[in-house]
Structures are given as C-alpha cells and as structure tokens.
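Undergrad: Generate coordinates for the sequence data below:
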Amino acid sequence: MEKRLEAVEETIKMTGLVTKEVLTFAEAAQFTGLSKSYLYKLTSGQKIPHYKPSGKLCYFNRIELETWLTQNRISTSAEIEEQAQTFCMQNKLGKHSKGRR
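TA: Numbering: from 1, shown residues only. The predicted structure follows:
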C-alpha cells in the first residue's frame, strides 16, 4: 500500500513538472532523470542551458531542457537502410542520365 502511494505521489510530481515553465535545480534533475551531481557538472561546464538570475540559484526552462534532451538523435537501422537505398538509386539514375546527354 505504501509503495502504491509513493508511486501516485511521484506521478503527481511529474505531472506538475510537465506543466511548469521554469524548474528549480531539483525539479530539473527529476524531470531529466539525471543525478544532481551530473546536472551540476553539466551546468558548471555550461553544457546545458540554465539561468542564474541572482548569481546563485539555478533555474531551467522546461522547453529548453526537452530540446537539449532530444538533440543528437540516432537514426534507426531501418532509417539508415532506407537512406542507403535512396542514395544508391539516385546515383544509379544519375550515372545513366549523364551518359545519355
């Protein structure tokens, strides 16, 4: 029963984070799933967008975090195969059409 209550509380917290525009450091760690120590490393290395309006406390824009999390997309094997086939077909057509001129 206690575990179910904790799960419900966690779900409510995450729902709140999805609707907030500005997140605190702890909320950003929870939202991204990153440990606080790794998030601190990213902020100190200026590798993740963040704000320090007072020079001390650190805040994050949720949309910027989502954008940061979804950068450097890795294509699926099927997408790579499709790109390769398209490339090969375009090169075959290009070679044949050049010879006809």
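Undergrad: Verify the assumption that residue 23 is located in a helix.
TA: No: the assignment for residue 23, made by DSSP: H, G, I helix; E, B strand; the rest coil, is strand rather than a helix.
Undergrad: Report the contact partners of the nearest residue to it once chain neighbours are set aside.
TA: Nearest non-adjacent residue to residue 23, counting by Cβ to Cβ, 6 or more residues apart in numbering: residue 60, 4.7 Å away. The way it works is simple: take the backbone N, C-alpha and C, and place the C-beta from them, glycine included. Listed by Cβ atoms under 8 Å, 6 or more residues apart in numbering, the contact set of residue 60 reads 22, 23, 24, 25, 27, 28, 48, 49, 50, 51.
Undergrad: Please give the element, helix or strand, for residue 60.
TA: strand 59-61 (DSSP states H and E).
Undergrad: Any figure for the gap between residue 79 and residue 92?
TA: Using Cβ to Cβ, to the nearest Å, residue 79 is found at 21 Å from residue 92.
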